[in-house]
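Participant: the amino acid sequence is not available; the structure is as follows:
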């Protein structure tokens, strides 16, 4: 923040941000591109990668998710429906709605996910 209390701009190179495995699902990794630690006042932006054959179990989150598919083709379950997604697709997963991921392809899937800053309670359904 500057002296006026306004956030300052930040530019980060994606390849300079480390990706870490996500405990809830084997084959899922996450890189936090921007969040509160960068001075972002409202949202966190993360990049996820879903390895070929990987699955993320059915779960809910306390906060909404906005996602943009960068690479690969994979399945996203939202509520009672499954959606085949590909690069260029955008998704809204409302807070509290069950969702899951499955990559049946031979290529990694990758997506940007933006969420509100703050606490997010994740609950596994299965």
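Facilitator: Thanks, I have it. Remember, it's a predicted structure, so these values are computed and weren't measured experimentally. Residues are numbered from 1 along each chain as shown.
Participant: quick test: name the residue nearest the centre of the chain.
Facilitator: Closest residue to the average C-alpha location of the chain: residue 113 at 3.4 Å, with CA atoms, centre = their mean.
Participant: need the pLDDT of that one.
Facilitator: We note a pLDDT of 97 for residue 113 in this prediction.
Participant: got it, and residue 7?
Facilitator: 71.
Participant: beyond the helix or strand hosting residue 84, next helix or strand please.
Facilitator: Here residue 84, judged by DSSP states H and E, is contained in strand 81-85. Using DSSP H and E, the helix or strand that follows strand 81-85 towards the C-terminus is strand 90-93.
Participant: what's next to the next helix or strand after that next one, contact-wise?
Facilitator: Following strand 90-93 in sequence order, the next helix or strand is strand 99-102 (DSSP H and E). With CB atoms under 8 Å, 6 or more residues apart in numbering as the test, strand 99-102 has contacts from 25, 28, 50, 54-60, 65, 74-79, 93, 109. All C-beta spots, glycine's among them, are computed from the backbone N, C-alpha and C.
Participant: pLDDT on strand 99-102, on average?
Facilitator: Mean predicted lDDT for strand 99-102 stands at 96.
Participant: and it, how far from the chain's centre?
Facilitator: 12 Å (CA atoms, centre = their mean, to the nearest Å).
Participant: perfect, that will be all.
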